[in-house]
Each structure stands twice: as C-alpha cells, then as structure tokens.
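**Q** Okay, predicted coordinates and the sequence, questions at the end:
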Amino acid sequence: MTQQKTILRALAGETLPTPPIWMMRQAGRYLPEYRATRAEAGDFLKLCYNPELAAEVTLQPIRRYGFDAAILFADILLVPQALGSDLWFVTGEGPRLSTITEQSDFDKLVGKDDIHETLNPIYETVRILRRELPDETTLIGFAGMPWTVATYMIAGQGTKDQGPAHALKAENRPLFEAVMDRLTEATIEYLSKQIEAGAEVVKLFDSWAGSLNGEDFQKYAVEPARVITQALKERHPGIPVIGFPREAGDGYIGFAKATGVDCVALDNSVSPDWAAKHVQVDGCVQGNLASSHMVTGGQALVDETRKVVEAFKNGPHIFNLGHGITPDADPDNVQLMIDTVRGG
Ligand SMILES: Cc1c2[nH]c(c1CCC(=O)O)Cc1[nH]c(c(CCC(=O)O)c1C)Cc1[nH]c(c(CCC(=O)O)c1C)Cc1[nH]c(c(C)c1CCC(=O)O)C2
C-alpha cells in the first residue's frame, strides 16, 4: 500500500516541506455548526453516542478548514462509563462521575471484555467516518491514558492537583493499581476495536501526566503507554501511536524510546527549540502552539506559528496546538494559523 497521507508519512519519520496540521478539540464549541448539531443531539453525551451526529461534527472542521486529520468525536470518560461508573456533565462545570474510594466501588466495575455493549456506537462512528472522509484525510482514534482517566474515576470530577488519586495511591496502593490495571486492559480492547473499525492512528491522552513525579511517572505514565502501545502493535502491526504525556517536561525526553510510540505530542510549556533538540531527535513530534492564540489572533499568532514551524522543520513534525482549542476561540484565527503553516 502506498502511503500518501501526509500525517502517516510524518508518523513514519518523513520530514515534509510543510508540516501536516490538525487541532486538538477541532470539533467543538468555538464552531457554530458544532453548537447546532450538539443542540440537535440534546446534550454532549447523546452526541457522543449518536454515530451519525458524532460523525457529522467530526467532519465539520474538515469541511471548513481541510485539516490533514480528523479525530474521532468521543470523550476519554466513555471508558469509565462503559466499565460501570456513572457519568454526567454539568453545564459550565464539567464531568461528574461516581467515585472510587474503596474496594466495593471497584468490585462493581465490569471486566475489560464487557465494555463494548456501551461503546459499540463509537465503533460505528469510526466506520461512518472511514466511508465519508476525503481520501487524503487521516482518521485518528483515541483514548485517555489510565492515570488521567483514573484521576476522574477516583475523584468523581476534574481536580486541579489530582489530589484524590494521589491520596488513594498513597493510602491503598493495591486498589489504586487495580483501577490502573483494569483501565489499561480496557483501553487496549477499546482502541483495538477502533482500529478494526477503521482508525488509522491512535492517540493516547495523558492530560495529567505532569503531576506524576520520578518513579511514579515511570510506573503510571511510561509503563502503561509501553504496555498499551506494544499490545496494539502486536495485534495491528504497523499501527502508528501518538503519545501525549501532557506537561511531562523533562519526562518528554526519551518517552518515545521507552514506550514505543511513533510520535510525542507536546504541550506549550516546553519551547519548540528545546523540544526539537531533546525530543524530535528520537522521531516525530506533534505540537505545540499555545491555544490562547486562537482567542487573541493577530501578528503574535503569525509570529508564534512561524516559530513552531521553523523550530521543527528539520525533522518529522505534525503541527498542532499544545492543548485543546477553547470555546471562546475565533474561527478566523484558526484559518490564519492554517494559512501561516501552509503559506509560510
Ligand atoms: C481530560 C479530557 C476529557 N476529554 C478529553 C480529555 C483529554 C484531553 C484534554 O486534556 O483536553 C479528550 C477529548 N474530549 C473530546 C475529544 C474529541 C476529539 C477532539 O476534537 O479533540 C477528545 C480527544 C471532546 C469533548 N469533550 C468535552 C467537550 C465539550 C463538551 C460540550 O460540547 O459541552 C468536547 C468537545 C467535555 C469534556 N471532556 C472532559 C472534560 C474535562 C470536559 C469538560 C471541559 C469542557 O467543557 O471543555 C474530559
């Protein structure tokens, strides 16, 4: 099979004259067409579980901007829901889940092979997208990484410092590790089904990896990424994997080698010049323009976009933001970023 999609070429280690580009949360509330489809679905979770409408919002930023990749529209918290956690979203506040504080909470969860009944609509979304996406657009599947998902499952909500998860890790290590192991197994099954349905790349979101230090970072960020990547590549030879240990800092160094991921996604707390020297030496990197530029725009957006492109131009690079675009972003600024990347 000839590999012509630019994202796949960059992931295979090719240095391209213009980096391919997509954007975290590219289907989202900053787009009026997203808000309309979300209203039609009823709410965010109904949108995630409605394959036709989830495929529609995935396609919206592709139609509007012609990004080089589409990312499946879903959420990292669907896996805990499939495992048996209650999940709901409070408008203006974010996700809420049942908590895990003792063994009996864990005992209520189902096994890794029993998640698909809940998650089947997601695989259907992937199948629709593979039919409907333009030939040149790469379809990216994803899941949350065990640590990040565990922080929500344990606390029952998002937390600033991941305190409840760190506390469980300190006070009841066997229970904490049982949660991590169940999530690791379930994530392998979930991503495997996405790949069978047509995902061409998978991305592992470890949004809270930055709060794991020293040995904890190795055990609960690096090791699960290695186990998941190895299992997926054994089952699906050649499947490219993007790892995103957000705010890992020095932990980005050597991450690709230690885990086997094909690409390391970078947040914008590291400078592009530093990352080119210390991370891109091992292969493809993705990132890392600050998402605030999508709100503020102007010459600063152009200058910083050029800085990112310039820093990574001598190696494989996929242009992206350092984190998801926010609801207050201006869609015109996204176009300006794309024009700057593609037009120089
Ligand atoms: C921590 C996390 C979550 N979800 C995700 C993460 C990891 C990445 C990150 O750090 O941003 C990942 C995610 N969430 C969503 C996607 C879809 C793909 C994409 O466009 O990037 C992906 C990859 C859609 C979404 N997930 C969510 C939205 C907004 C929902 C809405 O329409 O109201 C979208 C488009 C909701 C969500 N989902 C989550 C939170 C904390 C929230 C509420 C915060 C908010 O309101 O922005 C959990």
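**A** Perfect, thanks for sending it. Numbering: from 1, shown residues only.

**Q** what residues does the helix or strand containing L168 touch?
**A** Following DSSP states H and E, one finds L168 within helix 163-171. Around helix 163-171, the neighbours that count as contacts under C-beta atoms under 8 Å, 6 or more residues apart in numbering are 99-101, 147, 150-151, 154-155, 159, 175-176, 179, 211, 216, 220. In this view, the C-beta of every residue, glycine as well, is placed from N, C-alpha and C.

**Q** State the distance from the one residue in the chain that gets nearest to the ligand to K46.
**A** Relative to the ligand, the nearest point of the chain is S207 (3.3 Å; C-beta to the nearest ligand atom). As for S207, its distance to K46 is 24 Å (criterion: C-beta to C-beta, to the nearest Å).

**Q** These two - which one has more neighbours?
**A** Set S207 next to K46 and count neighbours by other C-beta atoms under 10 Å: S207 wins out with 22 against 13.

**Q** That one and G144 touch, don't they?
**A** Yes - S207 is within contact range of G144, at 7.5 Å (criterion: C-beta atoms under 8 Å).

**Q** chain center to stretch 132-143: distance?
**A** 14 Å (C-alpha atoms, centre = their mean, to the nearest Å).

**Q** How about that stretch and the ligand, touching?
**A** Yes - counting by C-beta under 6 Å from any ligand atom, the ligand is contacted by stretch 132-143 at F142.

**Q** next one: stretch 94-106
**A** Yes - interface with the ligand: stretch 94-106 contributes G94, P95 (C-beta under 6 Å from any ligand atom).

**Q** can you offset everything so residue one is 793?
**A** With 793 as the first residue, the last one maps to stretch 886-898.

**Q** measure that stretch end to end?
**A** Distance between the boundary residues of stretch 886-898 (C-alpha to C-alpha, to the nearest Å) amounts to 23 Å.

**Q** Going by neighbour count, list what's buried in that stretch.
**A** With burial defined by 16 or more other C-beta atoms under 10 Å, the residues of stretch 886-898 counted as buried are P887, R888, L889, T891, I892, T893, D897, F898.

**Q** Output those as JSON lines; include the columns secondary structure.
**A** What follows is the buried residues of stretch 886-898, written out as JSON lines (DSSP: H, G, I helix; E, B strand; the rest coil):
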{"residue": "P887", "secondary structure": "strand"}
{"residue": "R888", "secondary structure": "strand"}
{"residue": "L889", "secondary structure": "strand"}
{"residue": "T891", "secondary structure": "coil"}
{"residue": "I892", "secondary structure": "coil"}
{"residue": "T893", "secondary structure": "coil"}
{"residue": "D897", "secondary structure": "helix"}
{"residue": "F898", "secondary structure": "helix"}
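
**Q** what's the following helix or strand after the helix holding L960?
**A** Sequence-wise, the next helix or strand downstream of helix 955-963 (DSSP H and E) is helix 965-989.
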